[in-house]
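Trainee: give the three-dimensional model of this entry:
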Amino acid sequence: MQGVHLSASQLCEVLTVVQAADLAVPTLWLKQAMTKIQGSLLKLNLPQSSRALAASVALGYNPPKPWLDTYMQRFRSGLSELNPEGLVDVLRALSTAGVLPSHDWLTDFEKDVGRRFGFIGPVELSSTAFLFANLAHIPSDTWRQRFMSEALKFRVYYTGNEVTQVVWSGVRMGCKPDEQWLEGYVQQMHEQLKNLQAYQIAFTFAALQKLGASFEPAMIDDVLDAYALRLHEAQPSDTALVLVTVARLKHVTSYKWLEDVLDSCQASMLQYDGPELVTLLWSLAQLHHQPGHEWLNIFCEASEGRLAALSGSQLAQLLYGFAQLKWEPPAAWMEGYLRQTQALLAAGDFTGRDAASLLSSLSTLQHTPSEQWLHACLQLLYFKMPELDPEGLASVAISLAKLSVVVGNGQWLESYVSLTLPRLSAMNVETQVNLLSGLAVFGADLPRAWVAAFQLMCVQQAEAGKMTAGQLEQVLVALSSRRVTPSSALCQLYFDKSLPELQHTSQSSIAATLLALQQAGVQPDAHWLEALVGVVRETIRSYSLVELNGVSKALGAFEAGGMKQRWLSDLVAYLKEFFLH
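Mentor: Prediction:
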């Protein structure tokens, strides 16, 4: 090739064409061409020299340090000449060549731009922010505040891609814009919707949400309608980003819009990578939208081969999505999923929170994993339980109980119970009650201090009107199953709260409560028991034989324990006769 006889400007264009055609070029020719370009670097426009750099690196030749030093000098002074796509190409080439701008270079450049705030134009401002965002450079608080101020001033000058560039850069740089800034850019995005491509709508919408913007429902619908018109050009990452943003905003979309988007997803499901599939399912779970068996089966086919590439957190989110949709994947998919998660659990590659989430999702799906899987999960949790928040810690016992898994490791249970004690007060009432029931299923030995603290807390909450009669009943049944005698205060609160509801209490519930009181050696309140006897008389034919036998034995025990009331003796005799005949 005789390209070295061309001008530097012509060589830049030739290199771009050669790279696009994927032609083989001798290294010597590339070296000579880049040397000639170097002599004119400060005269060439930046897009030209940048395209030459990107092409040279792509063709296998990394320019020497003097070339790159001269280029970076030109790059610094003419950054605003590059559009976002050009800047990304340059950064990719510099990365491949191993010469990305250093932290010191970026800091000096930040200071230089900072000194010129108020004099630089909108393009240079957005280009600088985009550079920092792509290189993960976080400017100082002062710089970011000035950037926000200048960007707000230039807002009306930004159209199309520039709006995306500014708000996305704001997210990447950790900016915290005020309400005026957010309102201004939400309005600017709305006005520019017709000029935005699918990926720009997705990135701008998501970035503004992450920055804390508020959207009127009608505004969100306009954004979604604009995106729907561009579905044909959208990439999987764009759709996943739009859906997760809608989910985070808790916006109720139109059924048609969501179905159109899901149809588009189904047609291109195999193009989605693992994280995009996780985001897709998580978003649907948050939106409480069941896409149907066909869609979910195709989703499983697409995700099955990508499980190995997912992190522990992503795998937990994936199963969470299925659990929230109340849909269990096919057996083959679950087998592969549990095999992959077991390997990561054994390697310690799950956080405690994600391991607890796995158990919770499996319990929702009523899918009991193998003993080996449970061993790996509980072993990891043994070391990572301290990092769980109160609700997450309680969910472990609750989930295992739902799966009818009995934990026989005394050391594990002792550690678990001791960790729950200081966290009890931070749990909501429903969680506290379910935790106790779960521990009762395990047959866990509850220390006196734990039982005392739990009962005192129940009494305080019941007195404050925060516990229902049903929850108090659940507590009494769980305590009695562990041969723990409920406190007199707790029992009396139960009698008082349940008395008005006895007429509507189920037969199984009455039988369970009476059995619990009998096991715990508690003599019921006479007024409560008299009312209960009346209810049993009226509904006796609705009891099963097992329930009737339990009621009969419990009432007989109360009578033998000193409850000498005619109505009780009469009913015990009647029950025996009814039961026998």
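Trainee: could you find the closest non-adjacent residue to Ala213?
Mentor: Leaving aside its sequence neighbours, Ala213 sits nearest to Leu182 (CB to CB, 6 or more residues apart in numbering; 4.2 Å). (C-beta placed from N, C-alpha, C; glycine too.)
Trainee: helix or strand: which one has that neighbour?
Mentor: Using DSSP states H and E, Leu182 sits within helix 179-192.
Trainee: how about that helix as CSV, C-alpha atoms only?
Mentor: Only the C-alpha atoms of helix 179-192 are listed here, as CSV (Å, rounded to 0.1, in the frame of the first residue of the first chain):
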residue,chain,number,x,y,z
GLU,A,179,-36.1,19.5,42.8
GLN,A,180,-35.9,22.4,40.4
TRP,A,181,-33.2,20.6,38.4
LEU,A,182,-35.1,17.4,38.3
GLU,A,183,-38.4,19.1,37.3
GLY,A,184,-36.6,21.0,34.5
TYR,A,185,-35.0,17.8,33.0
VAL,A,186,-38.2,15.8,33.4
GLN,A,187,-39.9,18.5,31.4
GLN,A,188,-37.0,18.6,28.8
MET,A,189,-37.2,14.8,28.3
HIS,A,190,-40.9,15.1,27.8
GLU,A,191,-40.5,17.8,25.2
GLN,A,192,-37.8,15.8,23.4
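Trainee: what residues sit buried inside that helix?
Mentor: Using 16 or more other CB atoms under 10 Å as the test for burial, helix 179-192 gives 181-182, 184-186, 188-189, 192.
Trainee: lowest average confidence, helix or strand, in this structure?
Mentor: Least confident helix or strand of the chain, by mean pLDDT, DSSP states H and E, is helix 566-580 with a mean of 69.
Trainee: residue nearest the centroid of the chain?
Mentor: For the chain, the residue nearest the mean C-alpha position is Gln317 (6.1 Å; CA atoms, centre = their mean).
Trainee: mind listing what that residue touches?
Mentor: Shown in contact with Gln317 (CB atoms under 8 Å, 6 or more residues apart in numbering): 278, 281-282, 357.
Trainee: pull the most distant pair out of these.
Mentor: Spatially, the most separated pair among the contacts of Gln317 is Leu281 and Ser357, at 14.0 Å (CB to CB).
Trainee: show me where pLDDT drops low in the chain?
Mentor: 1-4, 559-568, 572, 578-581 (pLDDT under 70).
Trainee: can you show me the helices along the stretch 151-300 of the chain?
Mentor: 161-172, 179-192, 198-210, 217-228, 236-248, 255-267, 274-286, 293-304 (DSSP state H, counting those that start in this stretch).
Trainee: reformat these as TSV; add distance to Phe322.
Mentor: Converted to TSV, the helices of the stretch 151-300 of the chain look like this (distance: least, CB to CB, whole Å):
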stretch	distance to Phe322
helix 161-172	30
helix 179-192	34
helix 198-210	24
helix 217-228	25
helix 236-248	16
helix 255-267	16
helix 274-286	7
helix 293-304	8
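Trainee: among those helices, which is nearest Pro386?
Mentor: Here helix 274-286 is closest among the helices of the stretch 151-300 of the chain (CB to CB), at 26.8 Å.
Trainee: output that closest one as CSV, nothing but the C-alphas.
Mentor: In CSV, the C-alpha atoms belonging to helix 274-286 read as follows (Å, rounded to 0.1, in the frame of the first residue of the first chain):
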residue,chain,number,x,y,z
GLY,A,274,-28.7,-13.4,32.0
PRO,A,275,-28.8,-10.1,34.0
GLU,A,276,-31.4,-8.7,31.6
LEU,A,277,-33.6,-11.8,32.0
VAL,A,278,-33.3,-11.4,35.8
THR,A,279,-34.3,-7.7,35.6
LEU,A,280,-37.2,-8.6,33.3
LEU,A,281,-38.7,-11.2,35.7
TRP,A,282,-38.1,-9.1,38.8
SER,A,283,-39.9,-6.2,37.2
LEU,A,284,-42.9,-8.3,36.3
ALA,A,285,-43.0,-9.6,39.9
GLN,A,286,-43.0,-6.0,41.2
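Trainee: how many residues are close by the closest residue to Ser498 other than its chain neighbours?
Mentor: Of all residues not flanking Ser498 in the chain, Ala469 sits nearest, at 3.9 Å (CB to CB, 6+ apart). Using other CB atoms under 10 Å, Ala469 is surrounded by 21 other residues.
Trainee: for whatever helix or strand Phe454 lives in, packing partners?
Mentor: For Phe454, the element it lies in under DSSP H and E is helix 448-463. Using 3 or more CB pairs under 8 Å, 6 or more residues apart in numbering; DSSP states H and E as the contact criterion, the elements in contact with helix 448-463 are helix 429-442, helix 469-481, helix 488-498.
Trainee: what comes up buried for it?
Mentor: For helix 448-463, the neighbour count (16+ other CB under 10 Å) marks 450-451, 454-455, 457-459, 461-462 as buried.
Trainee: how about stretch 540-551?
Mentor: In stretch 540-551, counting by 16+ other CB under 10 Å, buried: 540, 543, 547-548, 550-551.
Trainee: narrow these to those in helices?
Mentor: 547-548, 550-551 (DSSP state H).
Trainee: ok, which pair from those residues is furthest apart?
Mentor: Leu548 and Gly550 (7.3 Å).
Trainee: send the alpha carbons of stretch 86-106 over as CSV?
Mentor: This file holds the C-alpha atoms of stretch 86-106, laid out as CSV (Å, rounded to 0.1, in the frame of the first residue of the first chain):
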residue,chain,number,x,y,z
GLY,A,86,-17.1,9.0,19.1
LEU,A,87,-15.9,9.5,22.7
VAL,A,88,-16.9,5.9,23.6
ASP,A,89,-14.9,4.6,20.6
VAL,A,90,-11.9,6.6,21.7
LEU,A,91,-12.1,5.4,25.3
ARG,A,92,-12.4,1.8,24.0
ALA,A,93,-9.3,2.2,21.9
LEU,A,94,-7.3,3.8,24.7
SER,A,95,-8.4,1.0,27.0
THR,A,96,-7.2,-1.6,24.5
ALA,A,97,-3.9,0.2,24.2
GLY,A,98,-3.6,0.3,28.0
VAL,A,99,-3.4,4.1,28.1
LEU,A,100,-6.6,5.4,29.6
PRO,A,101,-6.3,8.8,31.2
SER,A,102,-4.8,8.5,34.7
HIS,A,103,-6.5,9.7,37.9
ASP,A,104,-4.0,12.6,38.0
TRP,A,105,-4.8,13.6,34.4
LEU,A,106,-8.5,13.5,35.1
